[in-house]
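what's the 3D shape of this:
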Amino acid sequence: MKTSKRFLGVVQTCGVAVLATAMTLSSLSFLAVPAKAADDVKYNYAEALQKSLYFYDAEKSGQGITGGHLEWRGDSELTDSHIPLGINGTSANMTNMSANFINSNKAVLDPDGNGSVDVSGGFHDAGDHVKFGLPQSYTASTLGWGFYEFRDAFRQSGQEEHMLEELKWFSDYLLRSTFRDSSGNVIAFNYMVGNGTVDHTYWGPPELQDSAKYPRTATFATAETPASDQAAEAAAALAIMSLNMKNDDAQYAATCLDNAKALYRFAQTYRGLGNSDGFYNSSFDEDDLSWAAVWLYAATGDMNYIHDINATGPDGMYTGYMKKIIRSTSDSWQNIWVHSWDTVWGGVFMKLATLFPDNPDFDYFARWNLEYWSGGKIQHKDPNDKTYLKQSPGGFGAISTWGSARYNAAAQLCALVYSKYTGRTEFAEWAKSQMDYIMGDNPMGYSYIVGFPTPQQSAKHPHHRAAHGSKTNNMTTPTEHRHVLWGALVGGPDTDDVHNDVTTDYVYNEVAIDYNAGLVGALAGLYQHYGQGQQPLADFPPKEEQTDEYYAEAKLEQENTERSQVTLTVHNESVHPPHFETGMAARYYFSISELLAAGQSINDVSLEIYYDEQKTISGVPVKVTGPFAVDAATGTYYYQFDWADSQIYGDRDLQFGLIAKQDHNYKSHWDPTNDWSHTGITKTAAISPYVPVYLNGVKVYGNEPGSGSSSPIVPAVPKDLKATAGNAQATVSWNTSNWATSYSVKRATTSGGPYTTIATVTSATYIDTGLTNDNTYYYVVSAANSAGESEDSDQASVTPQASEDGKPGALALQYKAGDTNAGDNQFKPQFNIVNNGPSAVSLSDLTIRYWYTIDGDKPQTFNCDWAQVGCSNLNGKLVKMPTAKAGADAYLEITFGAGSIAAGGSTGEIQARINKNDWTNYNEADDYSFDPTKTSFTNWDHVTLYQNGTLVWGIEP
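Model (predicted):
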């Protein structure tokens with residue numbers, strides 16, 4: 001899936017209004033607008049600015065990330081520091097440079113002679129881990145521009161140091177990517193690392209991405225492979241950085257400026273568009289060259305840079321870069337796009353207008369674009385000009401459905417810069433109205449800035465691998481992100497104010513470095529206008545909840561007087577930051593006191609391995625050693641399971657059996673109840689402190705016999721309590737709690753209690769029957785063991801209702817078997833929801849469940865092959881049931897994002913497909929929902945449909 005393909009900007013040229021005044025250049029002058037308090041300031045711009053910078057900490061690549069601002073990010077893509085050139089004995093050339101070019105310039109490219117180039121650092125592009133050229137340089141320059149214009153806002157809000165850190169991470173990368181000869185000429189400029197098609201097959205933390213499996217190539221601009229658009233954008237970024245650093249570090253500023261000049265000369269000399277593997281195709285390079293030139297003029301005062309932009313011939317025809325969009329000085333131009341990664345004309349003319357305020361043409365080009373964006377709230381000077389961007393019903397300027405918020409935020413930055421220099425506060429007011437929409441004043445009712453004002457009041461599922469934290473290369477697992485992607489601006493709404501907060505939806509919910517580029521500057525400008533006195537959050541970001549990184553789960557498969565069969569699952573759940581471990585081991589302690597009493601010995605005990613997940617994955621089996629005596633006299637022994645030869649992240653299953661021989665009278669004496677590691681084991685997998693885990697020989701979790709810590713720990717509070725309504729009943733479910741041996745289900749008829757315990761169960765689900773329909777019930781759950789009882793969980797409520805199947809307005813769920821083979825390695829249920837009622841039904845209120853048996857308890861993957869409502873508009877989750885039922889120990893749950901089913905309409909076909917990650921077979925013959933006779937859509941009551949959590953179709957198993 002191409003998760004970072006962008007909508008390409010279109011700039012129109014028009015000969016609409018002939019401007020009689022020729023372009024003239026004047027010295028810089030501007031009106032600094034003092035900050036003011038606004039009665040209707042609803043949001044804390046200092047806090048939003050603070051959070052917006054942390055997104056860039058989440059995007060960093062290279063060394064020096066571990067221990068930084070975000071505890072869940074660590075060093076990544078370390079091989080970028082030595083990309084092979086195919087010389088001096090290194091592996092094959094991993095760049096786009098020819099062998100002849102490399103050999104001719106190896107003194108510049110590889111001065112230390114190690115056969116490689118260092119292009120480390122920089123930032124991941126989006127939720128992926130490629131470093132794309134134009135977005136990287138555009139972001140560096142636009143962030144630098146916002147800082148240059150509103151530095152006081154950064155300083156007063158306490159964000160100056162953090163911002164400079166991010167800007168320097170960009171400029172250090174651009175400098176490292178610039179290769180110059182002894183004369184100072186640029187020989188090569190690296191502008192892309194990685195390949196989008198390869199990278200997008202991986203979904204997980206960048207720290208764990210295997211460079212051998214997902215190789216990273218480096219793409220360079222050279223005389224052979226020109227990329228003037230890429231080099232010019234980098235020149236602009238470095239020129240801006242020189243301005244921002246000249247009073248802080250004059251030497252570094254001079255280095256940035258010198259390289260900016262060299263890159264600009266290089267871009268002028270070798271014209272051509274760079275490669276982006278189809279993800280960020282550039283339209284032309286004249287805007288990029290103009291962007292570099294205008295900032296080089298700002299940094300040097302050299303008018304030749306301006307002449308490069310607007311030079312004309314004797315006939316008034318433009319010969320500079322402006323000829324790309326304007327034919328002659330007698331013509332005009334109207335920009336109906338915006339400052340963005342592909343087209344920076346908006347920024348070019350805004351900067352020219354502020355550098356040369358007496359030039360009416362520059363002012364017109366900059367101002368008209370902002371008036372256009374306002375949708376007519378700010379009128380054009382020409383009363384006959386009615387060309388404005390159509391606003392959404394909620395008043396939002398959305399020029400493209402893909403990433404609408406990033407374009408709008410960039411327009412806000414331009415408006416605030418214009419307001420700063422002209423004193424026209426209506427442009428700042430317009431920007432404020434748009435930012436308020438982004439922050440939550442919109443029909444969806446939540447913010448498009450992740451974590452602002454709070455995680456609960458904002459988009460929660462950005463399309464971002466590191467924040468999602470999947471262990472299974474799956475966008476839908478886990479269902480909730482492991483980390484808050486603080487300050488990230490998601491794609492935003494469409495032109496109808498609709499947004500789909502779903503991880504898989506990269507149109508509505510992608511995040512990217514260019515998305516935040518305009519946002520950061522706009523927030524600083526709004527703080528300067530309206531946020532004086534506002535404060536950022538103290539002690540931010542908050543520490544994430546600390547959990548055990550290493551532990552083991554245990555599950556009893558079967559036992560009798562001859563054997564115990566157990567599944568152990570050893571875990572490496574490191575997230576601060578995530579990393580592989582190669583020295584993990586676990587021990588299973590057991591007692592043979594009953595065998596000793598019967599005259600037997602440890603020689604009568606054997607161990608058999610029935611399933612070794614690590615061997616299945618890598619071919620390297622777990623090393624089993626033992627039995628070792630802890631106390632031979634009392635009969636206490638252990639086996640050790642060692643994964644030292646394997647890299648582990650996530651979990652690994654190991655199923656084994658301890659088998660005792662019969663005595664000489666053919667009697668069996670095996671008694672697992674006195675085994676240390678058997679303590680608390682049930683048919684449901686649960687974390688066990690009696691199965692200690694070791695890392696490089698050091699115990700990191702659990703207790704050994706005689707360690708003095710054999711007493712159980714009070715269980716953790718149950719989390720994620722859910723109550724699902726049925727007909728006169730409610731199904732209450734929750735996540736299992738560490739150490740729990742039982743759960744108390746408590747019910748009340750008023751919110752907040754008092755609660756009455758109605759059941760004590762050992763599984764993490766309970767069906768409460770005999771309820772009164774249309775009455776609301778409130779539930780909490782606590783966990784207990786011999787050490788005590790936890791606090792109550794958060795409350796969940798539910799209102800049982802009678803099923804309305806068959807009545808007017810009822811919903812029906814139709815099913816057909818897309819694959820009638822009951823014994824192959826995948827199954828393909830297909831669905832169609834029919835609305836028989838008189839009014840539309842919101843898809844986001846609906847949930848489908850398909851009930852089946854896993855047959856082997858292996859990791860699985862959900863796929864949407866096709867859906868009329870759009871695969872990006874639905875989310876599939878595979879849920880293991882706490883207690884198996886006839887024909888089902890799991891279910892597929894499908895939920896939806898935006899849209900609705902019209903009265904009398906249907907969703908149309910939804911094609912689902914499920915497979916195990918190891919592609920072993922299922923046995924669907926006994927699955928509750930499977931029916932191979934249904935080869936066309938038919939009402940089927942063995943699949944269930946829920947509306948707002950209430951069962952409205954079908955019968956649960």
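
Tell me where the model's unsure across the stretch 51-200 of the chain.
90 (pLDDT under 70).

give me the number of residues near the residue nearest to residue 643 when sequence neighbours are not counted?
Ranked by Cβ to Cβ, 6 or more residues apart in numbering and with sequence neighbours excluded, the top spatial neighbour of residue 643 is residue 584, at 4.6 Å. The way it works is simple: take the backbone N, C-alpha and C, and place the C-beta from them, glycine included. Counted with other Cβ atoms under 10 Å, the neighbours of residue 584 add up to 26.

Surely residue 584 touches residue 571?
No: using Cβ atoms under 8 Å, residue 584 makes no contact with residue 571, being 9.0 Å away.

Isn't residue 655 up against residue 610?
Yes: counting by Cβ under 8 Å, residue 655 does reach residue 610; the two are 4.5 Å apart.

Overlap in contacts, those two.
residue 565 (Cβ atoms under 8 Å, 6 or more residues apart in numbering).

List of residues touching stretch 41-52?
Outside stretch 41-52, the residues that touch it by Cβ under 8 Å, 6+ apart are 153-154, 157-159, 162, 435-436, 439-441, 449, 451-453, 486-487, 489, 516, 519-520, 523-524, 526-527, 530-531, 534-537, 540.

From those residues, list just the buried residues.
The neighbour-count test (16 or more other Cβ atoms under 10 Å) marks 153-154, 157, 159, 162, 435-436, 439-441, 449, 451-453, 486-487, 489, 516, 519-520, 523-524, 526-527, 530-531, 534, 536 as buried among the contacts of stretch 41-52.

So which of the residues you listed sit within helices?
153-154, 162, 435-436, 516, 519-520, 523-524, 526-527, 530 (DSSP state H).

Pick out the most distant pair among these.
Farthest pair in these (Cβ to Cβ) is 162 and 436. Separation: 24.3 Å.

mind listing the helices for the stretch 101-250 of the chain?
106-109, 133-149, 151-156, 160-176, 196-199, 228-245, 250-269 (DSSP state H, counting those that start in this stretch).

tell me which residues in the fifth one are buried?
This points to helix 196-199. So helix 196-199, judged by 16+ other Cβ under 10 Å, has buried residues 196, 199.

Just the CA atoms of that helix, as PDB, please.
Presented in PDB, the C-alpha positions along helix 196-199 are these (Å, rounded to 0.1, in the frame of the first residue of the first chain):
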ATOM      1  CA  GLY A 196       8.900   3.900  -0.300                       C
ATOM      2  CA  THR A 197       7.700   0.700  -2.000                       C
ATOM      3  CA  VAL A 198      10.100  -1.400   0.100                       C
ATOM      4  CA  ASP A 199       9.500   0.500   3.300                       C
END
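
How about residues contacting it?
Residues contacting helix 196-199 (Cβ under 8 Å, 6+ apart): 2, 4, 128-130, 132, 214-215, 276-279.

again, but for the first one
Where contact means Cβ under 8 Å, 6+ apart, the residues beyond helix 106-109 that reach it are 85, 87, 97, 102, 117, 179-181, 187-188.

Filter the contacts of helix 196-199 down to the buried ones, ChimeraX style.
Applying 16+ other Cβ under 10 Å to those, the buried members can be selected in ChimeraX as follows:
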select :4,128,129,130,132,214,215,276,277,279
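
which neighbours do residue 584 and residue 571 share?
In contact with both residue 584 and residue 571: 550, 693, using Cβ under 8 Å, 6+ apart.

Tell me where the stretch 201-350 of the chain has strands.
Listed in chain order, the strands of the stretch 201-350 of the chain (DSSP state E, counting those that start in this stretch) span 218-221.

cool, the stretch 801-950 of the chain as well?
811-817, 826-827, 829-835, 841-842, 846-852, 860-867, 874-885, 888-896, 900-901, 910-916, 938-939, 943-947, 950-953.

Just the mean pLDDT for the fourth one, thanks.
What strand 841-842 shows for mean pLDDT is 87.

and which of the ones in helices among the buried ones among the contacts of stretch 41-52 is nearest to residue 333?
Taking Cβ to Cβ as the measure, residue 333 lies nearest residue 519 of these, at 26.9 Å.

Roughly how far does that closest one sit from residue 174?
Taking Cβ to Cβ, to the nearest Å as the measure, residue 519 and residue 174 are separated by 21 Å.

correct me, but residue 116 touches residue 89?
No: shown here, residue 116 and residue 89 do not form a contact pair, counting by Cβ under 8 Å, at 10.8 Å.

more neighbours, these two?
residue 116 (23 against 8).

residue ranges with poor pLDDT in the stretch 801-950 of the chain?
In the stretch 801-950 of the chain (pLDDT under 70), the answer is 803-810.

go with 50
Residues of the stretch 801-950 of the chain meeting the criterion pLDDT under 50: 804-809.

Next, count neighbours for the residue lying closest to residue 221 once chain neighbours are set aside.
Closest residue to residue 221 apart from its sequence neighbours, by Cβ to Cβ, 6+ apart: residue 227 at 3.5 Å. Counted with other Cβ under 10 Å, the neighbours of residue 227 add up to 31.
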